[in-house]
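> Sharing a model prediction with you, sequence too.
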Amino acid sequence: MLELHDLTRRFGALTAVDHVTFGAAAGEMVGLLGPNGAGKTTTVAMIAGLLPPDSGEVRIGGRRLGGDTDPLKSRIGLVTQDLALIDGLSAAENLQFFAALYDLDRQASKRAVAEALDLTGLTERARDKVKTFSGGMKRRLNLAAALLHGPDILLLDEPTVGVDPQSRNAIFENLETLKRRGTTILYTTHYMEEAERLCDRIVILDHGRVIADDTAQGLSKLVPAQNLITVALENAPDALLADGLHALSGVQRVETAPGVVRVAVTDLASTMPAVLQWFTNRGLKYQHVSTERASLETVFLALTGRALRD
Ligand SMILES: Nc1ncnc2c1ncn2[C@@H]1O[C@H](COP(=O)(O)OP(=O)(O)O)[C@@H](O)[C@H]1O
Ligand SMILES: [Mg+2]
């Protein structure tokens, strides 16, 4: 549905987006993850036809996207990082204003506004002025505005920055509904947990380049220690000698803290039984054991040598 081929954009000496190539199939939700300055907004602006690329191309449904006036642009909905709402108007009036920009006639506009308000859960607040809205509600209205013309592809640029947890969850639910209806979604964020929770696939961008493109599960395989086992001990000795644990095959790293041992392993299924047996053999009783997959933060660190949030 959406393809980017060698998309490149420079600002003076800086190459903000550097030969970026990836795609999103119809109904797929792809996360575009990267730290501030990675080139996410510049990429989104080129897909939306707002910024001409220096080279490379964007394809929508197999057709090359031309300039700002290309009718293909009508298949895209854009939720920008900055809000474009009029505070003194009600939610419904704001949406009517946008519907007019999309050239929808009176009837189509009425229906589109009602549907967008319904999807974003704002129907009851339709007549209230936007200046009475919370930050999260404004974000939801911004999303509603991008949906009026029924786009096949929705681009979201960091839609949850500065949003309360309740509105954040509401936005996630709205996106899941849109995805079920077949909308292709490109979700830009620098929050790895959002990308991990929502997206079918994640493209990691750093210094304008794609450094990884895979499912969350596939990405976690890029790091040597794919899983972390945390063992809380009931009868931990003051000084626990974990050397033997380190020597077990498949154990990457061992950290000890009072009452807790963390073991990073390459493969959970093959190593977990031996790790637990090691504790039992030493008469150490565990009261709680938990495991987690390598986080995207770990993946980013492994790929770039830097933390995602510096
Ligand atoms: N209009 C512009 N003029 C000059 N530099 C820009 C412009 N827009 C973005 N940049 C630079 O391009 C890089 C990528 O920016 P951006 O796409 O906004 O990143 P992100 O959205 O991932 O934070 C940054 O270094 C930024 O300073
Ligand atoms: Mg940005």
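Received, thanks. Ligands and ions are numbered 1, 2, ... in the order given.

> where along this structure do the helices fall?
Ranges of helices in the chain, per DSSP state H, are 40-47, 91-101, 106-119, 135-147, 165-180, 192-198, 216-220, 243-247, 268-281, 296-304.

> With adjacent residues omitted, what lies nearest to the one residue sitting closest to the centre of the chain?
Centre of the chain computed as the mean C-alpha position; nearest residue by CA atoms, centre = their mean is Ala195, 3.0 Å away. Closest residue in space to Ala195, ignoring its immediate chain neighbours: Gly31 at 3.5 Å, by CB to CB, 6 or more residues apart in numbering. For every residue, glycine as well, the C-beta is placed using N, CA and C.

> I'd say that neighbour and Tyr191 touch.
No: Gly31 is beyond contact range of Tyr191, at 9.7 Å (criterion: CB atoms under 8 Å).

> roughly how far apart are Pro224 and Ile202?
Counting by CB to CB, to the nearest Å, the gap from Pro224 to Ile202 is 19 Å.

> Likewise for Arg75?
23 Å.

> So for Pro224 and Ile202, which residue has more residues nearby?
Legend: neighbour count by other CB atoms under 10 Å for Pro224 and Ile202, higher for Ile202 (25 against 13).

> Save the helices of the chain as TSV, and put in distance to ligand 2 too.
Converted to TSV, those look like this (distance: least, CB to the ion, whole Å):
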stretch	distance to ligand 2
helix 40-47	3
helix 91-101	22
helix 106-119	24
helix 135-147	15
helix 165-180	17
helix 192-198	14
helix 216-220	21
helix 243-247	42
helix 268-281	36
helix 296-304	17
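
> what's the closest of the ones you listed to Val260?
Between Val260 and those, the tightest spacing by CB to CB is seen for helix 268-281, at 12.0 Å.

> So what sits opposite Val265 in the bridge?
Going by DSSP bridges, Val265 is paired in beta bridges with Asn227, Val251.

> returning to what we had before: ok, now which ones touch the residue nearest to the centre of the chain?
Going by CB atoms under 8 Å, 6 or more residues apart in numbering, Ala195 touches 31, 33, 187, 189, 202, 216, 296.
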